[in-house]
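Peer 1: One predicted model, sequence on top.
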Amino acid sequence: MKKYTIIFLMLLLATSANAQNVRFVTQGAIVYEKKVNIYALMKAEIKKYPNDIYYVRMFEEYQKTQPQFKVLKSTLNFNKGRTLYTPDDESTGQSAWNNFTIAKQHNTVLTNVDNSTSLTQKKVFEETYLVKDTTRKINWKITDEIRNIAGYDCRRANALIMDSIYVVAFYTDEIPVSGGPETFTGLPGMILGVALPYEHVTWFATLVNDQPITDDKLKAPTKGKPVNNAQLFTILKAALKDWGSEANENLKALML
């Protein structure tokens, strides 16, 4: 019995030592990949026109020369209570199928985690808006599922945003900053992965650089027409009113 007690104490001490050796990262840069399943988006589009063989043939030709996923990169700089999410420049590609609204990068987002506010420079077709508002309130439900992303063990959380978009996120408490890609925040740690399964798009970190981030790397965007989220929603809804079945999909993609 004494032998087992000693073994138990040794295991307890080892676990405690490992916990004490965990280094919590409060500033650095995270590289994300946004992956959009173009094949899935095309199939959904084709279903709207079941008797149009032209769309089917276009899809078949596209599959012969183009990859299934469009991949876009972005960087999130963070320092304690502030984060700046910046997409890389992108080329539009040769095919119109690559230009689904959800398959573009619209947002540069400065988030103040401490006071739950954000400033988003949003490119909408030919216009640029500067959206100042509180951060999106997301009713996350944290689960027991764990997934390793970019070397960090992350816990899964689920939510519903904009009434109909199902969100799966993975966050790590080893980066104790309540931030994430785009406008996804509100979990007790940094979000390193986001999936919108029914929208066929994901954002996952590929690299976390634990490094000092100075104020010049967290500069607020300044270009754009000043609005808040409610005002932008009204503007976009009016602009898309004649888009028929495409209106709601584009509205959701632009308001992410």
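Peer 2: Yes, it's here.

Peer 1: all strands for this protein, in order.
Peer 2: Ranges of strands within the chain are 27-37, 69-79, 82-87, 107-112, 117-124, 127-134, 141-149, 152-161, 165-172, 190-196, 201-210, 225-227, based on DSSP state E.

Peer 1: The fifth one - what's its average pLDDT?
Peer 2: pLDDT averaged over strand 117-124 equals 97, rounded to a whole number.

Peer 1: on contacts alone, who are the packing partners of it?
Peer 2: The criterion is 3 or more Cβ pairs under 8 Å, 6 or more residues apart in numbering; DSSP states H and E, and the helices and strands that strand 117-124 contacts are strand 107-112, strand 127-134. C-beta here means a position set from N, CA and C on the backbone, and glycine is covered the same way.

Peer 1: The second one too?
Peer 2: Using 3+ Cβ pairs under 8 Å, 6+ apart as the contact definition, the elements that strand 69-79 packs against are strand 27-37, strand 82-87.

Peer 1: got the strands of the chain as TSV, with mean neighbour count and distance to residue 217 columns?
Peer 2: Listed next are these as TSV, based on neighbours: other Cβ atoms under 10 Å; distance: least, Cβ to Cβ, whole Å:
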stretch	mean neighbour count	distance to residue 217
strand 27-37	20	8
strand 69-79	19	5
strand 82-87	22	7
strand 107-112	22	11
strand 117-124	19	15
strand 127-134	17	19
strand 141-149	12	23
strand 152-161	18	21
strand 165-172	22	21
strand 190-196	24	16
strand 201-210	18	12
strand 225-227	14	24
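
Peer 1: right, so of those strands, which gets closest to residue 43?
Peer 2: The closest of the strands of the chain to residue 43 is strand 27-37. By Cβ to Cβ, the value is 9.3 Å.

Peer 1: For the closest one, give me every contacting residue.
Peer 2: Contacts of strand 27-37 from elsewhere in the structure, counted by Cβ atoms under 8 Å, 6 or more residues apart in numbering, are 68-80, 87, 100, 102-103, 105, 150, 175, 181, 190, 192, 200-213, 217.

Peer 1: And for stretch 246-256?
Peer 2: In this structure, residues lying in contact with stretch 246-256 by Cβ under 8 Å, 6+ apart are 100-102, 106-107, 122, 124, 162, 164-165, 182-183, 199, 229, 232-233, 236-237, 240-241, 243.

Peer 1: How about stretch 41-52?
Peer 2: Residues from elsewhere that reach stretch 41-52 (Cβ under 8 Å, 6+ apart): 55, 56, 59, 62, 97, 100, 102, 103, 200, 245.

Peer 1: Going by neighbour count, list what's buried in that stretch.
Peer 2: The neighbour-count check on stretch 41-52 (16 or more other Cβ atoms under 10 Å) flags 41, 42, 45 as buried.

Peer 1: Could you tell me the end-to-end distance of that stretch?
Peer 2: Taking Cα to Cα, to the nearest Å, the span from the opening residue of stretch 41-52 to its closing residue is 17 Å.

Peer 1: got it, and stretch 217-226?
Peer 2: Between the opening and closing residues of stretch 217-226 lies a distance of 22 Å (Cα to Cα).

Peer 1: what residues are up against residue 189?
Peer 2: Taking Cβ under 8 Å, 6+ apart as the contact definition, residue 189 lies against 155, 171, 172, 173, 174, 175, 176, 177, 178.
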